[in-house]
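Student: Based on what follows, work out the 3D shape:
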Amino acid sequence: MAARIEHLVTSGTFSLDGGTWDVDNNVWIVGDDREAVVIDAAHDADAIARAVGDRRLTAIVCTHAHNDHIDAAPELAASTGAPVLLHPDDLPLWKQTHPDRAPDAELADGQGISVAGIELTVLHTPGHAPGAVCLYAPALAALFSGDTLFAGGPGATGRSYSHFPTIVESIRDRLLTLPAETVVHTGHGDTTTVGAEAPHLQEWIDRGF
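Tutor: Numbering: from 1, shown residues only. Have a look, this model is predicted:
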């Protein structure tokens, strides 16, 4: 049974710095018929659990700790027994949403997460958030970028805990060096490829996304 990528869209709100906005989030499930990992447990733990089905959920991986990417993580963990994984630099953001429930384990740059016979490599890509990470699965020619890279440009850096020069450096040094055919599965909106985004790096810098 080959590993595959499944996609679920959930809806809720994103809140930071006193504002709240309606958002649709991409939830990514990577696995086979026996086991899976969830990338970003957003908004609806029941819907995510239904998508996972009777497979063993081995991890709930958080690309960063903005509330719209982690709000369903504790409930999903409680129902499945899967650990919640987060980069420690995002703990201040995590605590804004879940002050009484810590993540179960830390993510580290270069760490491998094995599932269904393939490996997801953790790439620390700060900028949108201090502990933002992407997950690279070369066996699937896939990158799960969270809110670091979207179709059309970098993630937002206009709010607390974010920094534009840092996100540009992360994208330039960690993501645009990947093979051009790598499909970028984003935290919101449409997928893209590394090859489609790479030519626009200088344009993003000039525009000051």
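
Student: Give me the contacts around the lowest-mean-pLDDT helix or strand in the chain.
Tutor: Within the chain, no helix or strand scores below helix 201-207, which has a mean of 83 by mean pLDDT, DSSP states H and E. The contact list for helix 201-207, computed with CB atoms under 8 Å, 6 or more residues apart in numbering, reads 153, 154, 168, 171, 172, 176. For the C-beta atoms, the positions are set from N, CA and C on the backbone; glycine is no exception.

Student: and what of stretch 7-22?
Tutor: Defining contact as CB under 8 Å, 6+ apart, one finds that stretch 7-22 is touched by 23-29, 42-44, 47-48, 51, 66-68, 71-72, 159-160, 185.

Student: What about those residues, which are in helices?
Tutor: Mapping those onto helices (DSSP state H) picks out 47, 48, 51, 67, 68.

Student: give me every residue that touches the last one.
Tutor: It refers to residue 68. Residue 68 makes contacts with 12, 13, 14, 23, 25, 42, 43, as judged by CB under 8 Å, 6+ apart.

Student: Could you report the pLDDT at it?
Tutor: Predicted confidence (pLDDT) at residue 68: the value is 98.

Student: separation between it and residue 54?
Tutor: For residue 68, the distance to residue 54 equals 27 Å [CB to CB, to the nearest Å].

Student: same deal with residue 13?
Tutor: From residue 13 across to residue 54, the span is 31 Å (CB to CB).

Student: Who has more neighbours out of the two?
Tutor: residue 13 (13 against 6; other CB atoms under 10 Å).

Student: beta partners for residue 19?
Tutor: Residues in a beta bridge with residue 19, per DSSP bridges, are residue 16.

Student: follow-up on the earlier one: among the contacts of residue 68, which ones are in strands?
Tutor: Using DSSP state E, the subset of the contacts of residue 68 located in strands is 12, 13, 14, 23, 25.

Student: burial measure for the fourth one, as a count.
Tutor: Spelled out, that is residue 23. 19.

Student: Excluding chain neighbours, what is closest to it?
Tutor: The shortest distance from residue 23 to any non-neighbouring residue, by CB to CB, 6 or more residues apart in numbering, is to residue 14 (4.7 Å).

Student: one step back: off-centre distance for the least confident helix or strand of the chain?
Tutor: Relative to its parent chain, helix 201-207 has a centroid offset of 23 Å by CA atoms, centre = their mean, to the nearest Å.

Student: residues of it that come out buried?
Tutor: Buried residues in helix 201-207, defined by neighbour count with 16 or more other CB atoms under 10 Å: residue 204.

Student: Could you do stretch 14-28 as well?
Tutor: Residues 14, 15, 16, 23, 25, 26, 27, 28 are the ones in stretch 14-28 that count as buried (16+ other CB under 10 Å).

Student: any idea how far the closest residue to residue 97 other than its chain neighbours is from residue 8?
Tutor: Nearest residue to residue 97 in three dimensions, chain neighbours excluded: residue 67, at 4.3 Å (CB to CB, 6+ apart). Per CB to CB, residue 67 is found 18 Å from residue 8.

Student: can you check residue 104 too?
Tutor: To residue 8, residue 104 is 22 Å away according to CB to CB.

Student: picking that back up, closest one to residue 92 out of the ones in helices among the contacts of stretch 7-22, please.
Tutor: Taking CB to CB as the measure, residue 92 lies nearest residue 67 of the ones in helices among the contacts of stretch 7-22, at 12.6 Å.
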